[in-house]
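1. take a look and give me a structure for this.
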Amino acid sequence: PDRVAQVIVSENDDHQQQNPAPPIANANKEAWDDVIMKLKALILASFDMRVGQYEEDIREKDAQRALPGWNFCTFFVLKEGLARGFESVGLLDDALAGYEELDVELDSILASKDDSRVTDSFLPYTQEVKDVYDAAHEADVEPKLWGADNKPISSTRKNFRELIMANNVSVLDFKTYVLARKLNVLLRMSRGTGDEEDLLPLASLSLLASSEIPNLARMVRGDLKHIRSTSEGDDDDIVAENIVASWMFSAAQQILMDTETTYLAQAAPLESSFSTTLKEKQSVYPKRQSSLSSPTSSRNEPNEAQILFERLKGRSAADDAAKVKSGKDALAVERANLVLLQRRIMASVFDRFGYSIGWDAARSKSGQFTSVALDNEDESEAETAATSTETLQPSGPVNAVGICNQTLLDAVESKQRAQDAYESLTSQALDLFYVSGQEKSFERVLADLAVLKYQAGDYAGAVTYFSKIIPVYTQLDRKSTRLNSSHGYIS
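-> Numbering: from 1, shown residues only. I've put the predicted structure just below:
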């Protein structure tokens, strides 16, 4: 067997200090390289033996699934140990696959929980959710209960492994822990080996969160429903919905913070950027190439062949970008979807205050568009000032109770703050869709922003945005009319 000997030279050896031995660079380097290689081989051999033992134990436990007394929590801890082992040595793809398998296993157990053979008993509700609900009725909920210091999706907020081993865990905690472990692996994958950041894992993380956050929110709502059913004389649906909205908003906020990267740092699009994005749709009708045009205009017109070449070149570049979607584009799209999720949650909170915003307000009788004189700036400023001091009037006395996210609490203080918060989220989504090159989504959010500018009293800004977006929808309407006419739908 190989042995390692360590030779220590005393610092008090004057002769050694006065006459040091000449270093043998090549010999020392080869010796150390040999030692490092042997250590690596021994570590990998030990890890391989441990993985083999884990896999054998997992196969044994899985074969006992149909036997009475089989417990999923024990099986989960065993299989998670294998995934954590892969994660510890940097095999992140294998670790992520292990957590994906565990998630599927958990869903199958939850789907068959009515089966008499299943002996796993999860808690009927999450204690943390009950504490929040009880504190909300006592007006003791901290505004930053869920935030940067206390993330709603975290694998370290509780000792989950100990709770799982003791069968003292709720379904919400179980699913949250599995999701948190997958998010941690994806975050590690995004760091890569060098200084550059890999954006595709961050995009996958955002996509995963967008699909899982609503599912977990339904579990939060289910826990609150069970808590309300066991509380005597307590059936407060508004408080429960505010808690669910706060949890969802905070979870989306957490993912946006975790996936923030300098690669997406870009200023809001300028008017020139809007013109570039919508340049092919600014005119409903094609430009007329008249033979009677003046000589001056003919000289200023660009060459038709050059126009065709530029258009074909741009189309080719767009096709290539569609085939190979970069990590930046994918991440920008998924982050924009998270921002839109936050916006929908905020709109639902406003709705419980009897306040509609955006297209919902435009569709209502009080939100009809009217003619406005753009040169009457004093009237516009007075209307804006009146809106800024007007508070939201809740339909009940406890509409704000249960809101435990600081951003939502600030947004419901007044109509002006509500408009500012909603418009801020819309602008963030617009910037992200602009970065990703998602033209249709960009146009849709741009129309939302135009309506918000109008409702906020910024009529000049609304005219600017409407002037960019109206030709787009007009062209779409004309295309739809021609299509229906070609199929015989219009006589």
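2. so where's this protein shaky on pLDDT?
-> Low-confidence segments of the chain (pLDDT under 70): 1-27, 113-120, 139-144, 192-195, 232-236, 265-325, 364-398, 471-491.
3. in the longest helix anywhere in it, what counts as buried?
-> Among all segments of the chain classified by DSSP state H, the helix with the greatest residue count is helix 25-63. The neighbour-count check on helix 25-63 (16 or more other C-beta atoms under 10 Å) flags 51, 54, 58, 61 as buried. (C-beta placed from N, C-alpha, C; glycine too.)
4. and if you look at stretch 102-114?
-> Buried-residue list, stretch 102-114, by 16+ other C-beta under 10 Å: 102, 103, 105, 106, 109.
5. can you tell me which of these is closest to residue 178?
-> Of all the buried residues of stretch 102-114, residue 103 has the smallest distance to residue 178: 5.1 Å, by C-beta to C-beta.
6. verify the stated contact: the closest one with residue 182.
-> Yes - Residue 103 lies in contact with residue 182 (C-beta atoms under 8 Å); the separation is 7.4 Å.
7. picking that back up, following the longest helix of the chain in sequence, what is the next regular element?
-> Downstream of helix 25-63, the first helix or strand assigned by DSSP states H and E is helix 72-88.
8. what angle separates that following helix from helix 25-63?
-> Orientation note: helix 72-88 sits at an angle of 160 degrees relative to helix 25-63 (axes from the mean of the first three to the mean of the last three C-alpha atoms, to 10 degrees).
9. for the helix or strand following helix 72-88, name the packing helices and strands.
-> Later in the chain than helix 72-88, the nearest helix or strand by DSSP H and E is helix 92-111. If you count contacts as 3 or more C-beta pairs under 8 Å, 6 or more residues apart in numbering; DSSP states H and E, helix 92-111 packs onto helix 72-88, helix 171-191.
10. could you dump the ones you listed into a markdown table and include distance to residue 427?
-> A markdown table is the format used below for the helices and strands packed on helix 92-111 (distance: least, C-beta to C-beta, whole Å):
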| stretch | distance to residue 427 |
| --- | --- |
| helix 72-88 | 38 |
| helix 171-191 | 26 |
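11. for the ones you listed, which one sits closest to residue 456?
-> Across the helices and strands packed on helix 92-111, residue 456 has its closest neighbour in helix 171-191 (36.3 Å, C-beta to C-beta).
12. show me what the closest one is packed against.
-> helix 72-88, helix 92-111, helix 160-165, helix 199-230, helix 237-258.
13. and the angle for it with helix 92-111?
-> Using the same axes, to 10 degrees: helix 171-191 against helix 92-111 is 160 degrees.
14. how far away is the residue lying closest to residue 400 once chain neighbours are set aside from residue 422?
-> Spatial nearest neighbour of residue 400, excluding adjacent residues (C-beta to C-beta, 6 or more residues apart in numbering): residue 412 at 5.9 Å. Distance from residue 412 to residue 422, counting by C-beta to C-beta, to the nearest Å: 11 Å.
15. what touches both of those two?
-> Shared contacts of residue 412 and residue 422, defined by C-beta atoms under 8 Å, 6 or more residues apart in numbering, comprise residue 350.
16. hmm, back to that, now tabulate the helices and strands packed on helix 171-191 in CSV and tack on distance to residue 36.
-> Formatted as CSV, the helices and strands packed on helix 171-191 follow (distance: least, C-beta to C-beta, whole Å):
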stretch, distance to residue 36
helix 72-88, 19
helix 92-111, 23
helix 160-165, 33
helix 199-230, 30
helix 237-258, 35
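17. tell me which of those helices sits nearest to residue 336.
-> Residue 336 sits nearest to helix 199-230 of all those, at 9.3 Å, using C-beta to C-beta.
18. in what helix or strand does residue 433 lie?
-> Using DSSP H and E, residue 433 falls in helix 415-436.
19. angle of that helix against helix 237-258?
-> Taking the same axes, to 10 degrees, one finds helix 415-436 and helix 237-258 inclined to each other by 40 degrees.
20. tell me the buried residues in whichever helix or strand residue 440 is part of?
-> Assigned by DSSP H and E, residue 440 falls within helix 439-455. The neighbour-count check on helix 439-455 (16+ other C-beta under 10 Å) flags 439, 441-455 as buried.
21. before we move on, what about stretch 344-360?
-> Quick answer for stretch 344-360 (16+ other C-beta under 10 Å): 345, 346, 347, 349, 350, 352, 353, 355, 356, 357, 358.
22. same list (those residues) but as TSV, adding secondary structure and distance to residue 153.
-> Converted to TSV, the buried residues of stretch 344-360 look like this (DSSP: H, G, I helix; E, B strand; the rest coil; distance: C-beta to C-beta, whole Å):
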residue	secondary structure	distance to residue 153
345	helix	16
346	helix	19
347	helix	23
349	helix	20
350	helix	25
352	helix	25
353	coil	28
355	coil	29
356	coil	30
357	coil	28
358	coil	28
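23. pick out the most distant pair among these.
-> Taking C-beta to C-beta, no two of those sit farther apart than 352 and 358, at 15.9 Å.
24. just to revisit the earlier point, so of the helices and strands packed on helix 92-111, which one's packed in deepest?
-> Mean neighbour count (mean count of other C-beta atoms under 10 Å) peaks for helix 171-191 among these, with a mean of 21.
25. quick check: the gap between the closest residue to residue 224 other than its chain neighbours and residue 132.
-> Nearest residue to residue 224, sequence neighbours excluded (C-beta to C-beta, 6+ apart): residue 240, at 4.2 Å. From residue 240 across to residue 132, the span is 10 Å (C-beta to C-beta).
26. more neighbours, the two?
-> Higher neighbour count among residue 240 and residue 132: residue 132, with 25 against 21, using other C-beta atoms under 10 Å.
27. helix or strand: which one has that one?
-> Element membership of residue 132, judged by DSSP H and E, is helix 127-137.
28. what about residue 433, distance to residue 336?
-> Distance of residue 433 to residue 336, computed by C-beta to C-beta: 5 Å.
29. who has more neighbours, those two?
-> Of the pair residue 433 and residue 336, residue 433 is the one with more neighbours under other C-beta under 10 Å, namely 27 against 24.
30. does that one really touch residue 448, like I thought?
-> No - using C-beta under 8 Å, residue 433 makes no contact with residue 448, being 11.1 Å away.
31. what's the closest non-adjacent residue to residue 146?
-> Of all residues not flanking residue 146 in the chain, residue 250 sits nearest, at 3.6 Å (C-beta to C-beta, 6+ apart).
32. contacting residues for the one you found?
-> The neighbourhood of residue 250, defined by C-beta under 8 Å, 6+ apart, consists of 146, 147, 151, 152, 405.
33. pretty sure residue 174 contacts residue 164?
-> Yes - the criterion here is C-beta under 8 Å, and residue 174 meets it with residue 164 at 7.0 Å.
34. the longest helix of the chain packs against which elements?
-> Counting by 3+ C-beta pairs under 8 Å, 6+ apart, helix 25-63 packs on helix 72-88.
35. with that, I have no additional questions.
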